[in-house]
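Asker: Fold the stuff below for me.
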Amino acid sequence: MIKDNQKVFNRLMVVADAAITAASLMSAYFFKFYILNDGPGVGVLPAGDYLMLLPFLVPMYMLLYYSNDVYSPKRTVRRRFEIYGIIKANTIGIMALIIILYMIIREINFSRSVMAFFYVFNVFFTSCFRLALRKGLHTIRSRGYNLKHILLVGYSRAAEEYIDRLTDNPQWGYVACGILDNHIPAGTLYKGVKVLGSLGNLEIILPENKMDEIAITLSLKDYDYLESIVTVCEKSGVHTKFIPDYNSLIPSKPYTEDLMGLPVVNIRYVPLTNTGNIFLKRVMDIVGSLVGIAITSPIMLAAALLIKLTSRGPVIFRQERVGLHNSSFYMYKFRSMELQSPKEEKKAWTVKDDPRVTAVGKFLRRTSLDELPQLFNILKGDMSLVGPRPERPLFVEKFKEEIPRYMVKHQVRPGLTGWAQVNGLRGDTSIRKRVEYDIYYIENWTIWFDLRIILMTFFTGFINKNAY
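Answerer: Residues are numbered from 1 along each chain as shown. You can find the predicted model right below:
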């Protein structure tokens, strides 16, 4: 039933998008010549000429929407990804339209303003329609309609995590109807989902055709059954998905290669191992650090004078940290503590109301101004503007044994600011949580992501309530 409904729903979506595209073009014409002006002037093409574009324009946009996955199921897709697909399709579409009109068939009398308004209107109206539709579907599913019933094959950590997400997000409209497993007794419950029997019951349940999906969630010790289970599921014609029980090892977006027909899954894809990306990021670091030094030099000079006048010892504090490829470097900071012996300095974190912190140092730490000398680390190449924060060698040795995947952060240069920091994970906060954010950044790096983090730092990142 869900499959049939999905087909009808997709066709209605195409019709709605076609109507919005046509309405957006004519709204752009009306807005340009009747709202912004007193009507079409001399030499302006009539509305009928723009209507003649629609038989070409509408199918082109529907194909672009299809190729950019705008019509793929959106139950679990985040809103921003759906909007991104709409923007991407419209951007390609308007560029193609401009090239065809003005460069190929040379119809230069079509208003460029109308084309610009059409792009804005179509993105806006289509996005609003999709968001309203999404909200309506979420409401319907939360009330128990338009549901997908799923059978889980195998009881494992992956099965529990999958059930957790389904129960936490009823708006997705997924219902886990039961679990099959050879090791867990029938009747065992996990968050209301019951173990129905052994794996052998799969061949009895599937012919009843009451399931919309099968989720294979076998534990690692049961992977010998995987081939036979897939065979049974495919014979039934029920949509089958595989949720591996080794998600702690493989990232959410694994990087795959085709080795002459043999699929190879890389354990981790790091965009910053690409030479072009490394070069682009390094150029941004050099330019950014030079601009930063020029802008903040008066602040750094004032901070240096205050430190020198209020406490004895050097202005700049050098501390060994672990950076790219586990290599050590000396990170610079404005000294914010009383002068200590190297042995005392290494022994612990700074804690709340730490007596070692000077009055000036407390202010510098709270405002993150003590980090400004790291602009010179960035210029040298020890650090980057954006990346995971570097840690001291003794803590690296400790955390790499206690926190899974901790050492992944050393596959990129450490940063002055980072994704964890702009999300509030600074100072005395969870190391495990920081590592999660750092790994997300490493796996999803783009130059735009870096710029976003830098902008977020200016709005959220300077005042550090967790700095002591």
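Asker: What helices and strands are in contact with the helix or strand where residue 58 lies?
Answerer: In the assignment (DSSP states H and E), residue 58 maps to helix 54-67. Judged by 3 or more CB pairs under 8 Å, 6 or more residues apart in numbering; DSSP states H and E, the packing partners of helix 54-67 are helix 2-30, helix 79-98. Every residue, glycine included, has its C-beta placed from N, CA and C.
Asker: weakest of those helices by average pLDDT?
Answerer: Sorting these by mean pLDDT places helix 2-30 lowest, at a mean of 82.
Asker: need the next SSE after it, C-terminal direction.
Answerer: Immediately after helix 2-30, counting by DSSP H and E, sits helix 47-51.
Asker: Can you list the buried residues in that following helix?
Answerer: When burial is assessed from 16 or more other CB atoms under 10 Å, helix 47-51 yields the following buried residues: residue 50.
Asker: Compute the mean per-residue pLDDT across that helix, please.
Answerer: Averaged over helix 47-51, pLDDT sits at 88.
Asker: Export the helices and strands packed on helix 54-67 as TSV, with columns for mean neighbour count.
Answerer: Converted to TSV, the helices and strands packed on helix 54-67 look like this (neighbours: other CB atoms under 10 Å):
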stretch	mean neighbour count
helix 2-30	16
helix 79-98	16
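Asker: got TSV for those helices, with distance to residue 327 too?
Answerer: Below are those laid out as TSV (distance: least, CB to CB, whole Å):
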stretch	distance to residue 327
helix 2-30	53
helix 79-98	37
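Asker: Go through these and name the closest to residue 186.
Answerer: Nearest to residue 186 among these is helix 2-30 (27.3 Å), distances taken as CB to CB.
Asker: Against which helices or strands is that closest one packed?
Answerer: helix 47-51, helix 54-67, helix 112-142.
Asker: Show me the contact partners of the shortest one.
Answerer: In this structure, residues lying in contact with helix 47-51 by CB atoms under 8 Å, 6 or more residues apart in numbering are 25-26, 29, 110, 114.
Asker: Now the two most distant members of those residues.
Answerer: By the measure CB to CB, 26 and 110 form the most distant pair in those, at 13.5 Å.
Asker: Now do the contacts for residue 180.
Answerer: Residues in contact with residue 180, defined by CB under 8 Å, 6+ apart, are 151-154, 195-199, 201-202, 205.
Asker: of the helices and strands packed on helix 54-67, which approaches residue 226 most closely?
Answerer: helix 2-30 (24.9 Å).
Asker: where does the chain have low pLDDT?
Answerer: Along the chain, the model assigns pLDDT under 70 to residues 1-7, 73-77, 209, 247-255, 267, 340-355, 427-428, 461-468.
Asker: Grab the longest helix from it for me.
Answerer: helix 275-310 (DSSP state H).
Asker: And that one, what does it pack against?
Answerer: Helix 275-310 packs on strand 328-334, helix 359-367, helix 374-380, strand 384-386, helix 447-456, going by 3+ CB pairs under 8 Å, 6+ apart.
Asker: Residue 319 against residue 331, yeah?
Answerer: Yes: if you go by CB atoms under 8 Å, residue 319 and residue 331 touch, sitting 5.5 Å apart.
Asker: If you count surrounding residues, which of these two has more?
Answerer: residue 331 (24 against 13; other CB atoms under 10 Å).
Asker: List the contacts of that one.
Answerer: Counting by CB under 8 Å, 6+ apart, residue 331 touches 318-321, 374, 377, 382-383, 390.
Asker: Next, work out how far apart it and residue 321 are.
Answerer: For residue 331, the distance to residue 321 (CB to CB, to the nearest Å) stands at 4 Å.
Asker: Next: residue 198.
Answerer: Counting by CB to CB, the gap from residue 198 to residue 321 is 53 Å.
Asker: got it, and residue 44?
Answerer: Taking CB to CB as the criterion, residue 44 is separated from residue 321 by 65 Å.
Asker: what does residue 59 give?
Answerer: Residue 59 is 57 Å from residue 321, where distance means CB to CB.
Asker: which of those two has more neighbours?
Answerer: Higher neighbour count among residue 59 and residue 321: residue 321, with 21 against 12, using other CB under 10 Å.
Asker: could you measure that one against residue 297, distance?
Answerer: Per CB to CB, residue 321 is found 24 Å from residue 297.
Asker: and if you look at residue 448?
Answerer: Counting by CB to CB, the separation of residue 448 from residue 297 is 29 Å.
Asker: Neighbour count: the two, which is higher?
Answerer: Comparing residue 448 with residue 297 by neighbour count (other CB under 10 Å), the higher total belongs to residue 297, at 12 against 8.
Asker: all strands of the stretch 151-300 of the chain, in order?
Answerer: Per DSSP state E, counting those that start in this stretch, the stretch 151-300 of the chain carries strands over the ranges 174-180, 189-190, 193-197, 213-216, 239-242, 255-259, 262-266.
Asker: Turn these into a markdown table, including distance to residue 430.
Answerer: Converted to a markdown table, these look like this (distance: least, CB to CB, whole Å):
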| stretch | distance to residue 430 |
| --- | --- |
| strand 174-180 | 30 |
| strand 189-190 | 26 |
| strand 193-197 | 30 |
| strand 213-216 | 30 |
| strand 239-242 | 31 |
| strand 255-259 | 28 |
| strand 262-266 | 28 |
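Asker: Can you say which of those strands is nearest to residue 325?
Answerer: Closest approach to residue 325 among these is made by strand 262-266 (18.1 Å; CB to CB).
Asker: The closest one packs against which elements?
Answerer: Packing partners of strand 262-266 (3+ CB pairs under 8 Å, 6+ apart): strand 255-259.
Asker: Dump the strand it packs on to CSV, restricted to CA.
Answerer: Coordinates of each C-alpha in strand 255-259 appear next as CSV, following Å, rounded to 0.1, in the frame of the first residue of the first chain:
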residue,chain,number,x,y,z
TYR,A,255,34.3,6.4,0.9
THR,A,256,34.1,3.5,-1.6
GLU,A,257,36.2,2.6,-4.5
ASP,A,258,35.5,0.3,-7.5
LEU,A,259,38.6,-2.0,-8.0
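Asker: between it and strand 262-266, how big is the angle?
Answerer: 150 degrees (axes from the mean of the first three to the mean of the last three CA atoms, to 10 degrees).
Asker: which residues are contacting strand 255-259?
Answerer: 263-266, 268-269.
Asker: 7 Å - rerun?
Answerer: Contact with strand 255-259 is made by 263-266, 269, as judged by CB atoms under 7 Å, 6 or more residues apart in numbering.
Asker: List the buried residues in the longest helix of the chain.
Answerer: Neighbour counts over helix 275-310 (16+ other CB under 10 Å) mark 281, 284-285, 288-289, 292-293, 300, 303, 306-307 as buried.
Asker: mind putting the residues you listed in CSV, distance to residue 67 included?
Answerer: Below are the buried residues of helix 275-310 laid out as CSV (distance: CB to CB, whole Å):
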residue, distance to residue 67
281, 30
284, 31
285, 36
288, 36
289, 41
292, 41
293, 46
300, 51
303, 54
306, 59
307, 59
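Asker: and the two most separated of the residues you listed?
Answerer: Based on CB to CB, the longest span within those runs between 281 and 306 and measures 33.7 Å.
Asker: Alpha carbons only: can I get stretch 433-447 in CSV?
Answerer: The C-alpha trace of stretch 433-447 is given here as CSV (Å, rounded to 0.1, in the frame of the first residue of the first chain):
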residue,chain,number,x,y,z
LYS,A,433,31.8,14.8,22.6
ARG,A,434,34.6,17.0,21.2
VAL,A,435,36.0,14.0,19.4
GLU,A,436,32.6,13.3,17.8
TYR,A,437,32.5,16.9,16.5
ASP,A,438,36.1,16.8,15.4
ILE,A,439,35.6,13.6,13.4
TYR,A,440,32.5,15.1,11.8
TYR,A,441,34.5,18.1,10.7
ILE,A,442,37.3,15.9,9.3
GLU,A,443,35.0,13.7,7.3
ASN,A,444,32.9,16.6,6.0
TRP,A,445,35.5,19.3,5.4
THR,A,446,34.9,21.9,2.6
ILE,A,447,36.2,25.4,2.3
